[in-house]
Each structure stands twice: as structure tokens, then as C-alpha cells.
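[1] sequence? don't have it. structure:
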DNA sequence: GCGACAG
DNA sequence: ATCTTGTCGC
């Protein structure tokens, strides 16, 4: 009985997202508007979830880095109930709202946002990074830790040395690229979000890879922070 | 019809 | 994403 309701809800969300995609599709800005020489504030975004009394909550964390010095200049987080379930392809519907709420808390200007998930590498080019980039009118990059298999794509021939990459081309169009950020470590999936091109995005991502992780420090730090916020939240609310 | 499927 | 301990390896 509950299963049918879930299936029905998923179909409903997919339909709503389909409409939203049609509305936003033409607003994707593919022309590059990011100059690395003048790039200053780069933000990493991530969310963590938990449940309480059959309600689901999440905290979103944004960490702003100075691109030149790689120092953290600001951290912000917010917590809220999440009502949209996770559906592959509709991640933006689940995560955007709390992200926007958190972004409004920032006191510093952000030149570029980096998201945990895809951007243009999506069946309708509408991954979280692209969606957020359009909504905010900001440059964004999508960095996913695993491949979204909406299409078959073999990257087993990707060289093991760091810096190597393979473009993910579908029907003659480049959707994104598999990028090896650390030698011998599983690659990440970089795609354009909005107002940036893949070459510039790749450079920025590679420049923000540290020794500690194969994902950019922006995303890594935001991820660690979400876990801390959730931990405090759970121990303080009893 | 069934399985796969970013986080 | 989340549930979870130890353990193999550089």
C-alpha cells in the first residue's frame, strides 16, 4: 500500500521536474564568464541527512575559499526539513531549496559555486549544478563522485596517472568528463554548471585538489562540515 | 515488465 | 545520502 504511494509520488515529482527543465533549458549559459586570473571566491556546497519521527531533515553547508591562497574565508550552514525524496535525475528538486536558503546567509560575494553532483552531465543537462547556476545567475561547476548511468559510457581506458581525462560525449555533444585527480585513485566526473566552459572548470577543479582527497577541497570541507553540524544537532536536541 | 540510477 | 569495525596497504 505504501509502495504504490511512493511510486505515485515519484511520478509526480518527475513530471514537475520535467516542466521545470523545459522552462530552464533555454537559460543555460554556456559561454564562459569566468577568468581564472580574476577568480577570487570559490564556494563548495554539500548536504547531509537524518531522520526524526518519520520526518527527514538535512543541513546544507557552504564553505567559501579564496582561490589564490586556498584559505577559508567563510563558512555557513542551515538546517531544514526535506520533503522531496531522492530520485536519480531530480536531485536539484531535493537539494536546491536548502542550498538557496544557506547561500542567502553568506556575507561574501561568491564568484563560483562547486556542487556535489552533476551539472550538464544529465539527460536533460539539468543536474543540480546547472539548475542552481541558472536560478542564482552564477557560474557553477558540478563534481560527482560516481557516474550517473543514464547512458552507457565506458571509461575503463582512462589512464591511471593524475591529470588524465576522457570527455563524455553523447550524440556528438560533450556532456562532461571523467577526470583522474590522483594517480591510481578512482576518478571524478566533472561537468559544466553554468557560465563556464569545461576547460576552465577542469583547471579550477585540478587546482583545488589537495593531498587529502581526490575531490576538490571545497566540496571535501563542506562534506566534513555537514557531518559535524549534524552531529551537534543530534546531540543538542534531546 | 524489470533493473539501473548523481546524493 | 545512510547504516558501520576492523583491517589490508602505502
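    Yep, that arrived. Worth saying up front: this structure is predicted, and the values here are computed from it rather than measured.

[2] show me where chain A has its strands.
    A:41-52, A:55-66, A:72-81, A:112-116, A:140-144, A:165-170, A:173-179, A:188-194 (DSSP state E).

[3] now render those as JSON lines, adding mean pLDDT and mean neighbour count.
    In short, each C-beta sits where N, CA and C put it, glycine included. Conversion of those to JSON lines gives the following (pLDDT from 0 to 100; neighbours: other Cβ atoms under 10 Å):
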{"stretch": "strand A:41-52", "mean pLDDT": "96", "mean neighbour count": "20"}
{"stretch": "strand A:55-66", "mean pLDDT": "97", "mean neighbour count": "21"}
{"stretch": "strand A:72-81", "mean pLDDT": "97", "mean neighbour count": "16"}
{"stretch": "strand A:112-116", "mean pLDDT": "98", "mean neighbour count": "28"}
{"stretch": "strand A:140-144", "mean pLDDT": "98", "mean neighbour count": "28"}
{"stretch": "strand A:165-170", "mean pLDDT": "96", "mean neighbour count": "16"}
{"stretch": "strand A:173-179", "mean pLDDT": "96", "mean neighbour count": "21"}
{"stretch": "strand A:188-194", "mean pLDDT": "97", "mean neighbour count": "28"}
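
[4] make CSV out of the ones you listed and add distance to DNA strand C.
    Shown next, in CSV, are the strands of chain A (distance: least, Cβ to the nearest atom of the strand, whole Å):
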stretch, distance to DNA strand C
strand A:41-52, 3
strand A:55-66, 8
strand A:72-81, 12
strand A:112-116, 6
strand A:140-144, 9
strand A:165-170, 20
strand A:173-179, 17
strand A:188-194, 12
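
[5] now distance to residue A:220 too, for those, in a markdown table please.
    Listed next are the strands of chain A as a markdown table, based on distance: least, Cβ to Cβ, whole Å:
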| stretch | distance to residue A:220 |
| --- | --- |
| strand A:41-52 | 7 |
| strand A:55-66 | 9 |
| strand A:72-81 | 12 |
| strand A:112-116 | 10 |
| strand A:140-144 | 10 |
| strand A:165-170 | 20 |
| strand A:173-179 | 15 |
| strand A:188-194 | 11 |
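
[6] so where do the helices sit in chain A?
    If DSSP state H is used as the criterion, the helices of chain A fall at A:2-25, A:91-103, A:128-136, A:198-207, A:217-236.

[7] would you mind saying which of the ones you listed lies nearest residue A:37?
    helix A:198-207 (11.1 Å; Cβ to Cβ).

[8] so which bits of the closest one are buried?
    Buried residues in helix A:198-207, counted by 16 or more other Cβ atoms under 10 Å: A:198, A:200, A:201, A:202, A:204, A:205, A:206.

[9] so which of the strands of chain A comes closest to residue A:8?
    Minimum separation from residue A:8 across the strands of chain A (Cβ to Cβ) falls at strand A:55-66, 18.3 Å.

[10] in its sheet, what does that closest one sit against?
    The strands beside strand A:55-66 in its sheet (DSSP bridges) come out as strand A:41-52 (antiparallel), strand A:72-81 (antiparallel).

[11] is DNA strand B within reach of the longest one?
    When you say that, I think you mean strand A:41-52. Yes - under the criterion of Cβ under 7 Å from any atom of the strand, strand A:41-52 makes contact with DNA strand B via A:46, A:47, A:49.

[12] repeat for stretch A:204-212
    No - residues of stretch A:204-212 contacting DNA strand B under Cβ under 7 Å from any atom of the strand: none, with a closest distance of 13.6 Å.

[13] re the thing from before, out of the strands paired with strand A:55-66, which is closest to residue A:113?
    Using Cβ to Cβ, the nearest of those to residue A:113 is strand A:41-52, at 5.0 Å.
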